[in-house]
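> Take a look and give me a structure for this.
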Amino acid sequence: MTQSVRSGEELDIAKVKAFLDQHLDNIPKDEPLQVEQYYAGASNLTYLISCGEWQGVLRRPPFGPLPPKAHDMKREYGLLSRLNPVFPLAPKPYVLGEDDEVMDATFYVMERKQGIVIDRSFPEEIKETEDLCRELSYTFIDTLAELHQVDTQVAGLHTFGRPEGFMERQVHGWIKRYERAKTEDIPEYEKLKKWFEKNIPADGETTVIHNDFKFNNLLFSEDLRQIEAVVDWEMSTIGDPLFDLGVVLSYWVQDDDPELLQSTFKTVTKRPGFLSRREMIDRYAEKSGRDCSSIHFYQVFAYFKLAVIVQQIYFRWKNGQTEDERFRHYGGRATNLIKYAWLLLNEE
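This is a model prediction of the structure:
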């Protein structure tokens with residue numbers, strides 16, 4: 001869904017149009033450029049740009065100071081350039097913009113994929129049934145397993161990550177990010193930190209991982225029977241596939257989850273017919289052939305990682321780096337996620 005561009009996040013339309021005219025052959029030269037903004041994302045800024053019948057999507061980092069190595073548009077563009085030919089659900093990138101005469105940050109333009117987004121509810125025209133919800137679960141987790149089958153050597157993607165010490169870097173890296181963005185003391189955090197540092201999984205198989213694979217990053221066909229696109233590849237890399245599965249499970253809410261989790265994630269997955277998290281793990285193991293017996297660590301860590309992302313966004317809002325009022329309550333969400341990670345750890 002798009003809306004008018006938020007205050008403070010405008011593009012210089014004339015400069016963007018001139019850039020597109022110079023680098024893309026199929027842009028109508030005599031048509032004005034129209035710009036709208038996708039409002040669902042909370043990190044990189046995503047715009048729908050239209051010129052006559054032509055449409056594309058422009059991605060750029062948020063405005064203001066940013067964490068080191070975050071929001072790397074050149075890396076995201078390079079990853080999609082290699083991934084799209086072997087995994088066409090990933091959008092095809094058109095052009096990378098590094099000219100600071102156009103805007104203050106590196107950006108890129110890619111194809112516009114279209115489809116239905118499932119977020120907090122189903123579209124009104126869709127008749128929700130338990131069979132449909134179960135089929136959606138299968139389509140969802142099977143697509144993740146398919147992504148993890150991409151041959152990184154053949155695709156030229158093997159240089160987009162460092163397999164050795166992947167989980168060790170993740171644990172120490174996300175702890176550092178949290179401590180840089182921390183705005184209050186949460187007792188459960190210190191206990192989680194010690195547990196993570198003592199229980200880091202050993203190196204194993206590595207694959208392409210999306211790192212933010214969830215329903216509202218998927219575009220479905222009109223009947224919801226197949227996925228048309230997977231979007232938002234900002235955090236994608238080459239890493240441990242169980243790390244990716246853990247992220248998926250952290251977004252997957254069940255109707256028997258505690259209120260602090262259900263109040264943080266408003267999603268359809270707690271409705272009758274959707275697979276449970278345990279069933280999702282079993283289905284993934286069946287489709288991928290992987291041993292998922294160590295998934296508990298990855299699930300706990302995924303909730304912490306989500307807490308850090310939410311906390312970083314809240315930190316930017318609290319320091320006046322964004323005027324987006326959606327982020328006012330993100331501090332409480334980060335706290336809830338850390339508390340739930342601690343609860344989950346102690347269920348083992």
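> quick one, what contacts P93?
P93 makes contacts with 77, 80-81, 84, 108-111, as judged by C-beta atoms under 8 Å, 6 or more residues apart in numbering. Where C-beta positions appear, they are placed from N, C-alpha and C, glycine not excepted.
> Let me know how buried E325 is, in neighbour terms.
Per other C-beta atoms under 10 Å, the neighbour tally for E325 reads 8.
> Check Y189 too.
Y189 has 22 nearby residues by other C-beta under 10 Å.
> what are the ranges of the strands in the stretch 151-300 of the chain?
207-209, 218-220, 227-230, 237-239 (DSSP state E, counting those that start in this stretch).
> Figure out which of these is closest to T129.
Between T129 and the strands of the stretch 151-300 of the chain, the tightest spacing by C-beta to C-beta is seen for strand 218-220, at 15.3 Å.
> how is the protein carved up into domains?
Under the assignment the TED database, the domains of the chain span 2-111, 116-346.
> Next, format the ones you listed as CSV and append mean pLDDT.
Output for these, formatted as CSV (pLDDT from 0 to 100):
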stretch, mean pLDDT
domain 2-111, 90
domain 116-346, 92
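> So for the protein, which residue is the most central one in space?
For the chain, D212 is the residue whose C-alpha lies nearest the centre (C-alpha atoms, centre = their mean; 3.1 Å).
> measure that residue to E76 for me?
To E76, D212 is 12 Å away according to C-beta to C-beta, to the nearest Å.
> Please enumerate the shared neighbours of those two.
With C-beta under 8 Å, 6+ apart as the test, D212 and E76 both reach E234.
> about what we covered before: I'd like the strands of the stretch 151-300 of the chain as TSV, with mean neighbour count appended.
Below are the strands of the stretch 151-300 of the chain laid out as TSV (neighbours: other C-beta atoms under 10 Å):
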stretch	mean neighbour count
strand 207-209	25
strand 218-220	20
strand 227-230	18
strand 237-239	20
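> any chance of those strands in JSON lines, with distance to G52 too?
Putting these into JSON lines (distance: least, C-beta to C-beta, whole Å) gives the following:
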{"stretch": "strand 207-209", "distance to G52": "35"}
{"stretch": "strand 218-220", "distance to G52": "23"}
{"stretch": "strand 227-230", "distance to G52": "23"}
{"stretch": "strand 237-239", "distance to G52": "37"}
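> Any idea which of the ones you listed gets closest to K17?
strand 227-230 (25.5 Å).
> related to what we said a few turns ago, with adjacent residues omitted, what lies nearest to the residue nearest to the centre of the chain?
Spatial nearest neighbour of D212, chain neighbours left out: M235 (5.3 Å); criterion: C-beta to C-beta, 6 or more residues apart in numbering.
> Would you confirm that T206 contacts I238?
Yes - contact criterion C-beta atoms under 8 Å: T206 and I238 qualify, at 5.3 Å.
> Give me the common contacts of those two.
Counting by C-beta under 8 Å, 6+ apart, the contacts common to T206 and I238 are 152, 161, 163.
> tell me which of these is nearest to K305?
G161 (16.1 Å).
> number of nearby residues for that closest one?
With other C-beta under 10 Å as criterion, G161 counts 20.
> can you pull the contacts of the nearest residue to it once chain neighbours are set aside?
Ranked by C-beta to C-beta, 6+ apart and with sequence neighbours excluded, the top spatial neighbour of G161 is I238, at 2.8 Å. If you count contacts by C-beta under 8 Å, 6+ apart, I238 has them with 152, 157-158, 160-163, 206-209.
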